[in-house]
Every structure is written in structure tokens, then in C-alpha cells.
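> 3D model of this:
(2 chains)
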Amino acid sequence: MRIKFPRKYDFMGQRAFIAAFVAGGLLFAIVAVAVFGVQQGVEFTGGAEVALRYIDAPDIATIRQTLDAANLPGVTVTTFGDTGGRELAIRVGLQKEGSQPKDKDLATQVVEALRPADVQQKIDAGMVNLNTTDQVTIADRLVADAGVARAEAEAAADAILALRRESGGVLVGLDQARALPAVPEAAKGWLAQRAFVGPFGLRGQEVIEASISQEMRNRAIIASVGALVLMMIYLWIRFSGIKWGLGAMVALAFDVVVTLGLFALFKEEFTLPVVAAFLTLIGYSVNDKIVVFDRIRELIRNRGTAGFASTVNEALNEVLPRTLITGICTIVTAASLFFFGGIVLHGFSFVLLWGIIIGTLSSLYVACPFVVWWTKWRASRQPADAKATRAAKAAKATGRARA
Amino acid sequence: MKPLHWKLVLIAAVTLWAIWQVWPRTEHTFANVKLGLDLRGGSYLVMQVQTDDAIKAEADIEATRIGERLRKEGFTEARAITGDETGQVVVSGIPAARLGEAERIVTEESGDWSVSASGTGIQARMPRAEEQLLRDRAVRQALTTVQNRVDALGVAEASVTRLGGENANRLLVQMPGVEDPSRVKRVIQAQAQLELRSAFYTPDGQGPYIAATREDVVAQFGGNLPPGVEILPMEAERKIVDPNQPPPPAQISGYMAVEKTAVISGSDLQNAQPSQGEWSNTVVSFSLRVGAADRFGNFTREHIGKQMPIVLDGKIKSAPVIRAEIRTNGQIEGNFTPAEADELSLVLRAGALPARILTLEERTVGPSLGRDSIREGLRAAAFGALFTCVFMLVYYKAAGINAIVALALNMLILFAAMAQMGATLTLPGIAGLALTVGMAVDANVLIFERIREELDAGKTVKGAVEAGFNKAFSAIFDSNVTTIIAALFLIGYGTGPVKGFAVTLIIGLLANMFTAVFVSKTLFEMILQRPIKSLSI
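Now for the predicted structure:
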């Protein structure tokens, strides 16, 4: 199978479209970021994030009120995943110095605040909540309260926790746990009397102090900017001209800014894995630019620098089939990650998907137009005689190349 | 052998090595590559050792020594205290006329500290080199202590490592499978600075000095504390309702004047364990090492009838009256719940921390969440890969097989290299994987499109394949090398997750240059051994 291309698209001639594409993209991104803001993850703001899974979908407003009443600052509650509102992400801002006792971390405070009164009573009465307890505690209590042998108790605790994992982090009832073959008779009685299942299980938590969040933000910025500059220098050297490095940089900056705009518009959360996604988008986009530049370099080698814009056009037309085929394969893969990859990969695959689309377009409509414009601008600034000698040199050089 | 045979032998050898590396053998891995805590579930803590504490402790000792020496030399009013700056001792109460003499004594007593006199005071400062040494030692000691404590808790496969460079005072604690790190954190951070001290008694036997507030104790001394004495808070008894639940934090019942110097400290302990006390309450019993036992025996014999405060992390847990000479064994009473006694014994056995430890960063991924992200991520990646393979076969026919083989070998080598290096696959690492796949597909597409162009230009099959690979090479080389350079920078400057991305990417792209160019071309050469008129591409 093969798609036939007419090979005569005038990419560089569509000046109005290029201008509209660049200006529109940037304008959109600036407005989106200004209006919606980029929601940063706790690793960059400091604070805590707790992921909970409920047995029954809770009322978000009530949860927010409960947390506010517990004097936790900057509370946001969102549902995520396709569990019908059973899965919650709760974020809490940084605590003001000395406003709360320091012996409990923020995540623990959130979990304790959300504990309903009846659960608190059961815990006060010495009962064990199978949905928030660890293996060690269950095993210890089985030994101490129910007189189960240590090895058996540990096996039973392991089995109960494995069941909790299988059930997505929360047990719905005690019956399942009692039915486990690893749970001995003595433990069954204990489960019925001394254990219960609370309304939610803990899926994950993060607590980040202010000092380190600042540091992480700085390091992420330094790492990304540094990587960009190194790429630019490499292109400058390999393609012997700063315009290639600069053109790629300008296009990459465009990719990042526009993707960030979409990121803000769809209210995705900016976390450390998302930084990795942005680096991936930069990697993919620079790859695309190099393929186009490489073809331009080859054409110039064969026929000289005359009619630069039309050479660029020809190169773009020649690599168009490759751009399309690679684009289809990578976009489908990224879309598959975005739609089926699960909540953890969501923000990350969002950047990947949009990044590939924008990165491909920016080769055509940002990087190449920049290089063409830069060449024209340099030429217009050179005095006539210098131009003449350069032209003579170029003619000689191409003469040699042809020979 | 023909060159082609050598190439095939090389490819076969690399493939066999890769299969050997990823052959499923170990648990908690994906193709023998360790899974990061974000994928596997577990707890990740970044902790900072407050090394200033260790410096201050050293300066405290130095101040005590200098003060005692000066008073012995006839400077009755001399006072040496730890200054506000780190590692500084400030001496005051020296008569102006004898300042020079005192300065000489301080210089002599403090060894290589830099000493300067001004007005009525003398300052001594710890040399920078010694300060560095102390900080370094504090972190290494903290690392060992934390490792011991985590091990004692029975956390399997836990690792405690020290971060490098400017973060050398930070520890990274990784605990796979731990779902609730609060217990571990409490145990790790417990300072467990245990000291048995003497309550302060005047030479005529007056004391101990106890009052409701710190100020009241000072007032009992007439507003001035004698040297070598400090005031510590005493913890009140707590009512323990349920021995299985942590009781409320203890209230402060009062303050007591105690000697600063410890008779016995945590490092003198040989063992510690929870046991039943006199009134069947839970206590922590300890036994002492040989040398310390002699010291303790002498001290208790001389102080019969007097109180001996047991100080834990700067608070008096209890202050029993010495009834007889004690040599090796003692008990700490403090209204402990069985769980608290258990934890205290554990940390006492594992050793005290030389400095406080703060948790800067804590991430816990429940195993259920980690499992979901692997399962869903794999499913999505598998779909993407399947689509790409089918597309390649439809669009490039037989040559598509070539691309699929190259892509599969690329992934195989990537995982094998990661398994061999002991690298860890994390969520950002999967991003690196995605970029590798994208660039690998692109390399094949570039080559195939180029071969088609050359065929269009009327070249023979052999010539077209040769030209296709040659001309596509510079683009593939440049794009891979650019990305590798950027990734190398990320390894140097990025934080953990960004590094994980970069490591996967570098290995993947190196493998890509091998598979997309070398392996793919060898496969073409194999086909072209027989003369064929047209290529299925």
C-alpha cells in the first residue's frame, strides 16, 4: 500500500496561514494559562495529596466541609477514574508554622478528619479497621487477641491484604475476608467481633515540605532548559549554522507553550511525571525537525543555496509521506495510552498526544519558516560586496560538491 | 565466513544474551527489571539529617570543658556557653586584666579551634574541616541507625541510601510494599537520646529543685543557675485506658533542675526490652555494657536516697529514687503502652540518632494503585504496539516484518540492559520507553520511504536498499544523538523521576541505533542474497 503525494504543496508560500498558526497558537496558550492557570501538583507547591477509594460514592461537598472544619488549609477534593465517584483525590495546602501539632503529618490528619464518628468509636473500643490497617497490626492482633499461632496469623494477614489489593484497595465487607482459606477458625471469630471495614481505603499519599518543593521546581526547570540548550548547540555544530539550532528551539518553545495552554484548558495537574512527558514531547519534536533539516541539508549539498525557500519546500514535500506514517503510528499509540492507560498515566499521556500533533505541525509551520526568514534577514543585512564574495565562494563550493 | 554471516552471529549473540537476561526468574520485576515504587507500590521517604544538632552537641561538650578548666584556673566568674553561630563557644565573666591569660588557657584547652578575644569576652570557633567531618559522621551514623531501625521493624527489601553532592545530608528510604508509613516514620524519627542523669543537689544536700514552671525553678536558685545545671520538663503520668491504643501525648507536670552531664547515655546500653514492672505496668528494662556498669555502680552507691532522672530526648520520663547500688540492669518507667514500650526498646537497641531527622518528602503508592497503573498502562501500550505492527505490515508488506523484528529486538535489548544494570523502571521511565518506540518506528519509516524513493528513481533493488540506508542514516544518527545528549544532561541535573526517564531513554536509543540500522539492514541483505527483481515494500 502506498499513499501518493503530489509533492507540490507550497508550505513556505502560505504566509497568512503560518502567521495565523503561530499567532493563534500563542494567543490561545497565553489566554488559557492566564484564565485557567496551570494546576501544579503537591511536589511543586508543597502540602499533601491523599488518594482514597470509598465503598460507596461519598458526597463531595460534605467531605470538603468536614476537612474545612478540621482546620486544614487549602482543601481541594476531586473525583478521578471511572469508578463513579468512588475514588477521591484530596489535596491539602501547606500548614502555617506552628498552627497544628507537628507529630501527625498532613495525610494522617486528612484520614483522621474523614473518619466517621461510628468508626472512631469502634477504633476507640480497640477494634481494627481492615481497610486502613497494615499487615503487621492485623497479624499482631490475631496473635494477641485470638491466640492464633504467629505463622498462621501472618499468612491470614497476608491473605486479607492481598484480597484488599485485588478489590482495588478497599474491602466491601467482612464476609469476603472470612471466606479466605488462609484464615483459620479462631481468626474468623476475631474478624466477626474485633474487626470491621471502614468506609474507605487508602490508595496512596504524598506529603511534601515547602523547602523541597521549591527545590524540585527549580531543578525541573534547570534540567529542561539545560537539555534544550544542549540540543541547540548540537544542531548548530552538526548543521554548521546557528539558524538550525535556533529554528528548532523556537519551534520547541512553541510546542511547549501551546501544549501547556491545552494542559491548562483541560485542567490537568502538573506533576513530576508530566515534566517527563514534556521532555518526551521535546524529544519527539526535535526528532521531527532533524528529519526535515537533514533533507534540506542534503538538497543544499546537491544543488547549492540558491532559492532557499523553494529548497525547503521541496524537502518538506519529500519527507511528507514519512511525516504522515510516523505521525499516524505514534498518535494512535499516544491516544491509546490517553484513553485506556488509566488515571495515573492520564496527565502524562495528554501531553504526549497533543505534543506529537503540535510537534509535527511546528516542523512545517514554525521551524522551517523561521529558518527561511532568518536566511533572508541575514542576507538583507549583508553589504553587497560581501554578498558577492560569499556567492562566489558558494558557487565554488557547490562546483566542488558536484564534481 | 562472509561478512553477512558474522553479522548474523553478532545479532544472534545479542539476542541470546537479551533473552537470558529477561528470562523470568525473579519476583516483583517486569522481565527482570526492578519496578519503581510508583509501579509496584510502597513508600518513599526523603529525610534530612539536621547536622547542626551534631555540631551543637560537640560545641556543648567543648563549652563545658572550657568552663571547668577556667574555673579551676581561678576564673571563678567564668562562664562558657554555646554561641548563636554554629560551632561557636562564647566565654564571659573574665576580668579585663587577665584576658590574655584566659585566652591562652582557652586556646590550650580547645586544641585547634580558632580563638579570639574582644572586650571582656573570648570566642572560640570550631575549624571548618572539623565541622565538615562532624556533619559527615552524623549523616553516616544516622544512616546506619535508620537502616537498623527499618530492619528491626521487619520491612522487607527496604533500602536506605545517602543522596550525593549538595544533598549529602539527606537520606532516601525506600520501602516496597509498605502501605502505611506512619509507624515506620515514627520509629525512624524517634531520636532516642536516652540519658540517666543526676538531679541537682547542693553540697549541703539541698535539692532536688522542682517547681511548676521553669521560672520558678530559676527563682529557687535566686535567679542564677549554677554552672553545669539545666532545667528539664517532667512528663506527667498518663491514664492508659486501652493498652492497644496510643494514649494522648503526656502533659508537662513540672520542671526539675538536673546536672547537664549524663552518667549513662544510650551508647552505654547493651540491650533493651519491654517487660512487666513492679505494679504490672509496662516498663522498658535495659542492661549496660561492662565499662558503663562500673561507672553506674560507683554513681548509684554514692547517690543512695537521691533522685536519678531518666531523660529521653530532653524530657524527664521518670525520676526514681536510688535505693541501692545498681550495676548492670535498670528500668525505665513512663506509663508506656505495650506498643510504645516495644518501639522504645527497638530504637534504644538500634542506637540513638546523632541529630534530628526531618521528613521532607513522602510518597506512598498503595500496591492496588501501582497494580492498576501497570495493568492499564500495559494494555494501552499493547494496543498501540499491535496497531503499529498491523499498520507496518499493511503499508510496507514484507518489509513491515523487518520493522517489527527490529522493534521487538529493540524492546528486548532495552529490558535486558536495564535488568543487567539493575536499573529501575518507573512511570516516567515508561515515557522514555514511549519515546524510544516512537523514534524506532520513525527510523524504519524513514528508511523504507527512502528505499521507495530510490526505487522510483529507477535504481535496482540492491542499489535502492543500499542508498536508502545510507541516506536515512544521518537523520537517524542526528536525532538519536541529540536526544541522548539531552538525556545525559537530565541524568546529571534532574531529580529522581526525571532521571528514570533519561536512563530508559538512553538505553532505548542506543539499542535503536543497533536494531533499526544494523539489524534491519542485515535482514535486507539476507533477502537480497538471492537475485530478486522486485522488493515487497
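> mind giving me the domain ranges of the chain?
Answering for chain A, as no chain was given. Using automatic domain parsing, the domain ranges for chain A come out as A:15-42+A:210-402, A:47-207.
> other chain: chain B
Residue ranges for the domains of chain B, per automatic domain parsing: B:3-41+B:366-527, B:52-127, B:190-361.
> which of these sits closest to chain A?
domain B:3-41+B:366-527 (3.0 Å; CB to the nearest CB). In short, each C-beta sits where N, CA and C put it, glycine included.
> can you give me the end-to-end span of that closest one?
Using CA to CA, to the nearest Å, one end of domain B:3-41+B:366-527 lies 15 Å from the other.
> chain center to it: distance?
Distance, stretch centre to chain centre, for domain B:3-41+B:366-527: 33 Å (CA atoms, centre = their mean, to the nearest Å).
> show me where pLDDT drops low in the stretch 1-150 of chain B?
B:1, B:120 (pLDDT under 70).
> now do the stretch 1-150 of chain A
Residue ranges of the stretch 1-150 of chain A with pLDDT under 70: A:95-103.
> related to what we said a few turns ago, ok, which of the domains of chain A comes nearest B:Pro367?
domain A:47-207 (5.0 Å; CB to CB).
> does chain B sit close to the closest one?
Yes - using CB under 8 Å from any CB of the partner chain, domain A:47-207 reaches chain B at A:51, A:53, A:101, A:103, A:105, A:107-108, A:123-126, A:132-134, A:136, A:141, A:161, A:164-169, A:201-207.
> just the ones of the residues you listed in helices?
When DSSP state H is applied, those are split such that A:Ala107, A:Thr108, A:Ile123, A:Asp124, A:Val136, A:Arg141, A:Leu161, A:Arg164, A:Arg165, A:Glu166 fall in helices.
> can you tell me how far the third one sits from A:Gln205?
For A:Ile123, the distance to A:Gln205 (CB to CB, to the nearest Å) stands at 19 Å.
> the two: which is more packed in?
Neighbour totals were compared for A:Ile123 and A:Gln205, and A:Gln205 leads with 28 against 20 (other CB atoms under 10 Å in any protein chain shown).
> so which of the ones in helices among the residues of domain A:47-207 next to chain B is the closest to B:Thr144?
Each of these was scored against B:Thr144 by CB to CB, and A:Val136 proved nearest at 23.2 Å.
> give the contact list for the closest one.
A:Ala157, B:Gly154, B:Arg183 (CB atoms under 8 Å, 6 or more residues apart in numbering or on different chains).
> then A:Thr323?
By CB under 8 Å, 6+ apart, the neighbours of A:Thr323 are A:Asp288, A:Val291, A:Thr360, A:Ser363, A:Leu364.
> what about the first one, how many neighbours?
Just to be clear, that refers to A:Asp288. Neighbours around A:Asp288, by other CB under 10 Å: 30.
> how about it: what's its closest non-neighbour residue?
Nearest residue to A:Asp288 in three dimensions, chain neighbours excluded: A:Ser363, at 4.7 Å (CB to CB, 6 or more residues apart in numbering or on different chains).
> could you pick out the buried ones from the contacts of A:Val136?
Neighbour-count burial (16 or more other CB atoms under 10 Å in any protein chain shown) applied to the contacts of A:Val136 gives A:Ala157, B:Arg183.
> with pLDDT, distance to A:Ile60 and secondary structure added, can I get the contacts of A:Val136 in CSV?
Listed next are the contacts of A:Val136 as CSV, based on pLDDT from 0 to 100; distance: CB to CB, whole Å; DSSP: H, G, I helix; E, B strand; the rest coil:
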residue, pLDDT, distance to A:Ile60, secondary structure
A:Ala157, 88, 33, helix
B:Gly154, 77, 39, coil
B:Arg183, 78, 30, helix
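> surely A:Ala146 touches A:Ala186?
Yes - A:Ala146 is within contact range of A:Ala186, at 4.8 Å (criterion: CB atoms under 8 Å).
> so which bits of the host helix or strand of A:Asn302 are buried?
Following DSSP states H and E, one finds A:Asn302 within helix A:272-303. Buried residues in helix A:272-303, counted by 16+ other CB under 10 Å: A:272-297, A:299-300.
> over to stretch A:170-185?
So, applying 16+ other CB under 10 Å, buried residues of stretch A:170-185: A:Val170, A:Leu171, A:Leu174, A:Gln176, A:Ala177, A:Leu180, A:Val183, A:Pro184.
> what ranges does the stretch 1-150 of chain A have for its strands?
A:39-40, A:47-54, A:76-79, A:87-92, A:128-129 (DSSP state E, counting those that start in this stretch).
> strands paired with the third one, and their directions?
Sheet partners assigned to strand A:76-79 using DSSP bridges are listed as strand A:87-92 (antiparallel).
> quick one, the strand it pairs with and strand A:47-54 angle?
Counting by axes from the mean of the first three to the mean of the last three CA atoms, to 10 degrees, strand A:87-92 lies at 160 degrees to strand A:47-54.
> any idea how far strand A:87-92 is from the chain center?
18 Å.
> ok, residues contacting it?
A:42, A:47-54, A:58, A:60, A:63, A:67, A:72-81, A:106, A:109-110, A:200, A:203, A:343.
> now which of these would you call buried?
A:42, A:47-54, A:58, A:63, A:67, A:72, A:75, A:77, A:81, A:106, A:109-110, A:200, A:203, A:343.
> may I see the ChimeraX selection of the buried members of the residues of domain A:47-207 next to chain B?
A single ChimeraX command selects the buried members of those (16+ other CB under 10 Å):
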select /A:51,53,105,107,108,123,132,133,134,136,141,161,164,165,167,168,169,201,202,203,204,205,206,207
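> and the stretch 51-200 of chain B, which residues reach chain A?
Near chain A, when you scan the stretch 51-200 of chain B using CB under 8 Å from any CB, you find B:Gly154, B:Val178, B:Glu179, B:Asp180, B:Ser182, B:Arg183, B:Lys185.
> I'd like to know which of the residues you listed is nearest to chain A.
Nearest member of these to chain A, counting by CB to the nearest CB, is B:Asp180, at 4.7 Å.
> helix or strand: which one has the closest one?
Going by DSSP H and E, B:Asp180 is not in any helix or strand.
> what helix or strand is B:Ala124 on?
When elements are assigned from DSSP H and E, B:Ala124 belongs to strand B:121-125.
> partner strands of that strand, with direction?
strand B:88-92 (antiparallel), strand B:114-118 (antiparallel).
> from A:Arg194, how far off is A:Ile138?
11 Å.
> who touches both of these two?
A:Val128.
> compare these two (neighbour count), which wins?
Set side by side, A:Ile138 and A:Arg194 show more neighbours around A:Ile138, with 24 against 16, by other CB under 10 Å.
> dump the strand holding B:Ala124 to CSV, restricted to CA.
As requested, the backbone C-alpha atoms of strand B:121-125 are provided in CSV (Å, rounded to 0.1, in the frame of the first residue of the first chain):
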residue,chain,number,x,y,z
GLY,B,121,34.7,38.0,76.1
ILE,B,122,36.5,35.3,74.3
GLN,B,123,35.2,33.4,71.3
ALA,B,124,36.3,30.0,70.1
ARG,B,125,35.2,28.6,66.8
